[in-house]
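[1] sequence first, predicted coordinates after that:
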Amino acid sequence: MRQHPSRHAICPSCGTEFGYDDFSTTHRALRNEWLRAGAPWFSASTNPPSIFWDGFRQVIEAGLECDVAAPPSKIEIVPIKVSGVVNPSMGLVAS
Ligand SMILES: [Zn+2]
């Protein structure tokens, strides 16, 4: 959450209800539990801020401590094979 959460505000990302879920559990423990579950977006009424939203990245960028390693990227970068001839004036020309 961007602002300091007020009592009983529910985080749209992880679903933590402040003042309730964190009554007897630390934020770090709650965060770890959420990350172990794959950091799913919680809110059914609001969408993540981006289609590229990633819970692990959000935690890292916010500088929050956690004990769960991020999984390998879900987006695989596959090199494409290009065959052709490079023509200095035209760039790549397919062969
Ligand atoms: Zn949260």
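    Noted; the coordinates are in hand.
[2] from now on I want contacts and neighbour counts done on CA atoms only, so please keep to that.
    Noted.
[3] run a quick neighbour tally on L30.
    17 (other Cα atoms under 10 Å).
[4] from F42, how far off is it?
    13 Å (Cα to Cα, to the nearest Å).
[5] any low-confidence regions in this protein?
    Across the chain, the ranges flagged by pLDDT under 70 are 1-4, 74-77, 86-87, 90-95.
[6] what does it have sitting close to the ion?
    Contact residues (Cα under 5 Å from the ion) of the chain with the ion: 11, 13-14.
[7] who's in contact with R31?
    14, 66 (Cα atoms under 8 Å, 6 or more residues apart in numbering).
[8] tally of neighbours for the residue of the chain found nearest the ion?
    The minimum distance from the chain to the ion, using Cα to the ion, falls at C14 (4.0 Å). Counted with other Cα under 10 Å, the neighbours of C14 add up to 19.
[9] surely it meets W34?
    Yes - judged on Cα atoms under 8 Å, C14 makes contact with W34 at a distance of 6.5 Å.
[10] show me where this structure has its strands.
    Assigned by DSSP state E, the strands in the chain fall at 84-87, 91-94.
[11] so how far is E61 from the most centrally placed residue in the chain?
    Centroid check for the chain by Cα atoms, centre = their mean gives D54 as the closest residue, at 1.4 Å. Relative to E61, D54 is positioned 10 Å away (Cα to Cα).
[12] over to Y20?
    Taken as Cα to Cα, the span from Y20 to E61 is 25 Å.
[13] those two: which is more packed in?
    Comparing Y20 with E61 by other Cα under 10 Å, the one with more neighbours is Y20, at 13 against 9.
[14] ok, now which ones touch that one?
    H8.
[15] and if you look at the one 5 residues further on?
    With contacts defined as Cα under 8 Å, 6+ apart, T25 has no neighbours.
[16] could you list the buried residues of the helix ranked longest in the chain?
    Determined from DSSP state H, the single longest helix within the chain is helix 27-36. By neighbour count on 16 or more other Cα atoms under 10 Å, the buried set for helix 27-36 is 27, 30-35.
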